[in-house]
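*Asks:* Got a sequence here, can you model it:
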Amino acid sequence: MSDKVTLIIPVRRDADKLERCLRSVLSGTLVPRIIVMDCTADPEKLARTRGKFPGVRYFDLGMNPGRAHAVNTGFHITQTPYAMTLSPALLAGKHCVERLCDALDGDPDLLSAQAKILSAGEPARISGAGWLLDLAAEPVIRGAGRRAASCARRAGITAAQMDAAIYRMEYLEVTGILDERFYTRLEDLDLGYRGLIAGFKNICEPAAKCREMESAQTSAFYEQLETGNMEYFRYKYGLKALRIPEGRAKKEDPQRAAALERGRMLCFQAEIEQMEKEELGMSVTNLTLPEEFYMEIREDGPKGVFPLYVGSKAEESPLQIPDLIRARAGMLAGAAERARRLFGRRSLQSGEADV
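*Replies:* Okay, the predicted model is just below:
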């Protein structure tokens with residue numbers, strides 16, 4: 001196994017797919033150290049897989065503390081220069097890990113690089129090639145639905161999708177790790193954007209490929225999480241002014257209203273903790289929390305999880321202005337992606353070839 005990169009795989013719902021995922025990684029041209037973060041809360045769920053892959057390290061969290069916390073725990077355990085994150089629902093291409101490592105080796109300014117994720121139903125089409133933000137500060141998945149050949153060159157992105165990404169551990173000490181106020185959605189977008197305004201870069205490496213085992217489906221639950229989390233994201237980076245006013249129908253949607261209220265509560269919590277930090281001299285975030293103290297343990301199992309990293313409102317300094325301008329300029333690419341997708345849908349509806 002390589003001393004260059006550690007692969008972190010958080011597992012909850014896709015435990016049945018883990019075995020195929022691991023086989024794809026272990027058959028690659030560069031085999032990383034592997035840590036499986038067990039969030040299933042069922043000690044028997046991964047028992048069969050444990051027996052088949054003795055070289056893989058398992059870390060049983062005893063509950064589902066959220067994807068961000070599971071990966072953050074993996075970051076704390078990692079002792080290699082690079083850390084890669086992978087969804088257990090993906091199959092890694094033969095050269096995937098090697099080419100992601102090569103990308104970071106070749107560009108010292110990179111915080112992260114992402115593999116191109118191909119669709120299960122149509123492997124010649126892209127499921128995702130990185131996060132972008134459009135001009136209204138709305139998240140856009142680059143390349144989704146397009147032909148794989150259309151994203152054949154390395155390209156800058158706002159953030160790597162954590163489903164298939166590699167990070168430079170040295171730079172995570174500068175940016176901080178995943179903000180655990182985000183639950184299951186957009187914590188990777190937040191980390192990548194934080195990297196941009198710190199002066200680093202994120203790219204999609206098209207020579208590194210992964211493929212879905214099943215076609216990804218976005219449920220209403222995840223859409224609500226994304227809506228609330230984006231409220232917090234905009235608060236952190238001063239992007240609220242870019243938000244498009246909502247139409248009447250959206251305002252009257254009770255599920256969307258609840259999601260927005262949750263987002264506002266995240267912002268309120270961040271404000272309160274920042275006040276405590278500044279006025280009372282309290283440290284509410286510990287970036288170096290030892291792994292043995294990250295949860296309270298009782299005889300019948302873990303009682304509560306304490307965050308390894310909680311973010312706050314970004315403090316803009318004059319030295320960051322060029323990086324902020326670069327990050328905002330990246331929204332043009334997001335707007336182009338949004339327009340391309342809209343045009344593609346209209347073309348399909350009119351019977352024309354898609355773009």
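*Asks:* which stretches of the stretch 201-350 of the chain have low pLDDT?
*Replies:* 218, 246-251, 280-304, 344-350 (pLDDT under 70).
*Asks:* try 80 this time
*Replies:* Scanning the stretch 201-350 of the chain with the threshold set as pLDDT under 80 gives 215-222, 241-252, 274, 276-306, 315-319, 342-350.
*Asks:* For the strand or helix carrying residue 236, output the C-alpha coordinates as PDB.
*Replies:* In the assignment (DSSP states H and E), residue 236 maps to helix 220-237. Provided in PDB are the C-alpha atoms of helix 220-237 (Å, rounded to 0.1, in the frame of the first residue of the first chain):
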ATOM      1  CA  ALA A 220     -36.800  15.800  -1.500                       C
ATOM      2  CA  PHE A 221     -35.000  15.300   1.900                       C
ATOM      3  CA  TYR A 222     -31.600  16.000   0.400                       C
ATOM      4  CA  GLU A 223     -33.000  18.900  -1.600                       C
ATOM      5  CA  GLN A 224     -34.200  20.400   1.700                       C
ATOM      6  CA  LEU A 225     -30.900  19.900   3.400                       C
ATOM      7  CA  GLU A 226     -29.200  21.600   0.500                       C
ATOM      8  CA  THR A 227     -31.600  24.600   0.700                       C
ATOM      9  CA  GLY A 228     -30.900  25.100   4.400                       C
ATOM     10  CA  ASN A 229     -27.200  24.500   4.100                       C
ATOM     11  CA  MET A 230     -26.900  27.100   1.300                       C
ATOM     12  CA  GLU A 231     -28.400  29.700   3.700                       C
ATOM     13  CA  TYR A 232     -25.500  29.100   6.000                       C
ATOM     14  CA  PHE A 233     -23.000  29.000   3.100                       C
ATOM     15  CA  ARG A 234     -24.100  32.400   1.900                       C
ATOM     16  CA  TYR A 235     -23.900  33.800   5.400                       C
ATOM     17  CA  LYS A 236     -20.300  32.600   5.800                       C
ATOM     18  CA  TYR A 237     -19.000  34.200   2.700                       C
END
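*Asks:* who touches that helix?
*Replies:* Helix 220-237 is contacted by residues 137-139, 181-187, 189-190, 193, 197, 239-240, 242-243, 255-256, 258-264, 266-267, 270, 311-314 when judged by CB atoms under 8 Å, 6 or more residues apart in numbering. Quick note: C-beta positions are derived from backbone N, CA and C, even for glycine.
*Asks:* Please apply the same query to stretch 8-24.
*Replies:* The set of residues external to stretch 8-24 that reach it, using CB under 8 Å, 6+ apart, is 34-40, 45-46, 48-49, 52-53, 56, 64, 67, 70-71, 74-75, 78, 83-93, 213.
*Asks:* What residues sit buried inside the helix holding residue 236?
*Replies:* Of the residues in helix 220-237, those buried by neighbour count under the rule 16 or more other CB atoms under 10 Å are 224-237.
*Asks:* biggest strand in the chain by residues?
*Replies:* Of all the elements of type strand in the chain, the one with the most residues (DSSP state E) is strand 201-212.
*Asks:* what's the closest non-adjacent residue to residue 60?
*Replies:* Closest residue to residue 60 in three dimensions, ignoring its sequence neighbours and counting by CB to CB, 6 or more residues apart in numbering: residue 38, at 4.5 Å.
*Asks:* Could I get the phi/psi values of that neighbour?
*Replies:* Its backbone dihedrals place residue 38 at phi -80, psi 110, with angles given as degrees, to the nearest 10.
*Asks:* For it, the count of nearby residues, please.
*Replies:* Other residues near residue 38 come to 25 when the count uses other CB atoms under 10 Å.
*Asks:* Now do the contacts for it.
*Replies:* When contacts are counted by CB under 8 Å, 6+ apart, residue 38 touches 11, 45-46, 58-61.
*Asks:* Now with 10 Å, please.
*Replies:* Contacts of residue 38 were listed using CB atoms under 10 Å, 6 or more residues apart in numbering, and they are 9-12, 15, 18, 45-46, 49-50, 58-64, 70.
*Asks:* What's opposite it in the beta bridge?
*Replies:* In this structure, residue 38 has the following beta-bridge partners (DSSP bridges): residue 11, residue 60.
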